[in-house]
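# 3D model of this:
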Amino acid sequence: MPTRLFAALDDEWRRVTATTANAAPRRQWEADETLRRFVSLTELIDALRAGGRDPAAANRVLAALATRAADDDLACRTMLQALLPGLTNVAKRIGHGRIDEELEAEVLTEAVARIRTYPIGRRPNAIAANVTLDVFGTIIRRRRTSPTIIPDDPVGADGDLDPSVEVCDLVRDALDVGALGRRDATLLLSIAVGHDTIASRAAREGTTYGAMNERWRRARNRLRVAVAA
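Prediction:
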């Protein structure tokens, strides 16, 4: 499964942090209390990718980057690097496990556009999940309407939209109003849209099937309540 463009971004990032500055947060964003506390860009990315331990803190950092991303190239590139694992998963879902350079380019182009124009005032919460969900939904819809793309069409025989797109929309809306947390959203989507199962998720996170099933059930119920509201 080639991921040449994603790998190239990782290589480029290593060069950025080795030269421009590992100390860039303090120099580039001195006026921002949230960003300047990081000694290096590497530390900043590590904190964001470990955001599951403190989602609120990670979201504050992403909010600070998103606020600048429209005209700050380093803020945009830093945010893209932080979201790269999630965007790789988006490509895997869309390509059903097969990723080519065309799909990589499509995902990355859409991601940069979303980062540059992220509506921080209207959607200040769950920024990472919102961006990746937007990228997923936009590309799925584009491929649905494109006459040149026939495989993996998300429209069923009866003309209805693929449920995966509807699930993404519902989860994104619930995230926007704060009715669903990023952790719950990730769990629901990995099972409903991705190729995950409750059993594999439990094994990966070192918990029991029963505990993971209960977590999934509660997340599903929160989504149902949000949709009903």
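
# which stretches of this protein have low pLDDT?
1-2, 20-24, 145-166, 193-195, 229 (pLDDT under 70).

# Skip ahead from the helix ranked longest in the chain and say which helix or strand is next.
The longest helix of the chain (DSSP state H) is helix 73-94. Reading on from helix 73-94 to the C-terminus, the next helix or strand found by DSSP states H and E is helix 101-116.

# At the geometric centre of the protein, which residue sits there?
By CA atoms, centre = their mean, the chain has its centre lying nearest to residue 132, at 3.2 Å.

# Who are the contact partners of the residue nearest to that one when sequence neighbours are not counted?
If the residues on either side of it in the chain are set aside, residue 132 comes closest to residue 86, at 4.3 Å by CB to CB, 6 or more residues apart in numbering. All C-beta spots, glycine's among them, are computed from the backbone N, C-alpha and C. By CB atoms under 8 Å, 6 or more residues apart in numbering, the contact set of residue 86 is 128, 131-132.

# quick one: residue 86 and residue 210, what's the gap?
To residue 210, residue 86 is 28 Å away according to CB to CB, to the nearest Å.

# try residue 55
24 Å.

# re earlier: for residue 144, state which of the contacts of residue 86 is nearest.
residue 132 (18.6 Å; CB to CB).

# how about that closest one, what does it touch?
Counting by CB under 8 Å, 6+ apart, residue 132 has contacts 83, 86-87, 89-90, 111.

# Residue 134 touches residue 172, doesn't it?
Yes: using CB atoms under 8 Å, residue 134 makes contact with residue 172 at a distance of 7.2 Å.

# Go ahead and confirm residue 114 touches residue 135.
Yes: at 6.0 Å, residue 114 and residue 135 qualify as touching, with contact defined as CB under 8 Å.

# Make sure residue 85 is actually in contact with residue 48.
No: at 10.2 Å, residue 85 does not count as touching residue 48 under the criterion of CB under 8 Å.

# what about those two, which has more around it?
Neighbour count, other CB atoms under 10 Å: between residue 85 and residue 48, residue 48 has more, with 21 against 13.

# Apart from its chain neighbours, what residue comes closest to that one?
residue 82 (4.1 Å).

# Okay, the spatially closest residue to residue 122 that is not a sequence neighbour and residue 217: tell me how far apart.
Distances taken as CB to CB, 6+ apart put residue 176 closest to residue 122, at 8.0 Å, once the chain neighbours are dropped. Remark: distance between residue 176 and residue 217 (CB to CB) = 23 Å.
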